[in-house]
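**Q** Give me a 3D structure for the following:
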Amino acid sequence: MTIISWIILGLLTGAIAKFLLPGRDPGGLIGTTLIGVAGAFIGGWISSRWLDHPISKDFYDGTTWVAAIGGSLVLLIAYRILFGHSRD
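**A** Numbers count the residues shown, from 1 in each chain. Now for the predicted structure:
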């Protein structure tokens, strides 16, 4: 997959992570989508590095999507823990 497809995957997985973990985010929509992009990269890296599942060249590979959504969820939870009370 190219960098552009990883960014598109990240935007979509950020939206899915936001849907799975509703609530107020300190960064809003832009922050959540950036977390999705970073989560897609991190999830893909963890999947290929430690889970012994190389990243597929196919955009529609289910394992790639699960890794990207998992990475986005982890980053979104960490972001909420670190910066969640900044709006109070």
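
**Q** which residues of the protein score low on pLDDT?
**A** Residue ranges of the chain with pLDDT under 70: 1, 25-29, 53-59, 84-88.

**Q** what does stretch 38-48 rub up against?
**A** By C-beta atoms under 8 Å, 6 or more residues apart in numbering, the residues outside stretch 38-48 that reach it are 6, 9-10, 13-14, 17, 53-55, 63-64, 67-76. For every residue, glycine as well, the C-beta is placed using N, CA and C.

**Q** Nearest the geometric middle of the protein, what residue?
**A** Centroid check for the chain by C-alpha atoms, centre = their mean gives Ser72 as the closest residue, at 2.4 Å.

**Q** what number of residues lie near Thr64?
**A** 25 (other C-beta atoms under 10 Å).

**Q** my guess is it meets Leu12, correct?
**A** No. With contacts counted by C-beta atoms under 8 Å, Thr64 stays clear of Leu12, the gap being 11.6 Å.

**Q** which neighbours do those two share?
**A** Counting by C-beta under 8 Å, 6+ apart, Thr64 and Leu12 have no shared contacts at all.

**Q** so where do the helices sit in this structure?
**A** In the chain, the segments counted as helices under DSSP state H are 3-20, 28-49, 62-83.

**Q** now Ile46: how far from Phe83?
**A** Distance of Ile46 to Phe83, computed by C-beta to C-beta, to the nearest Å: 22 Å.

**Q** Could you do Leu11 as well?
**A** For Leu11 relative to Phe83 (C-beta to C-beta), the value is 21 Å.

**Q** Neighbour count: these two, which is higher?
**A** Leu11 (16 against 13).

**Q** give the contact list for the residue nearest to the more buried one when sequence neighbours are not counted.
**A** Nearest non-adjacent residue to Leu11, counting by C-beta to C-beta, 6 or more residues apart in numbering: Thr33, 5.3 Å away. Thr33 makes contacts with 10-11, 14-15, as judged by C-beta under 8 Å, 6+ apart.
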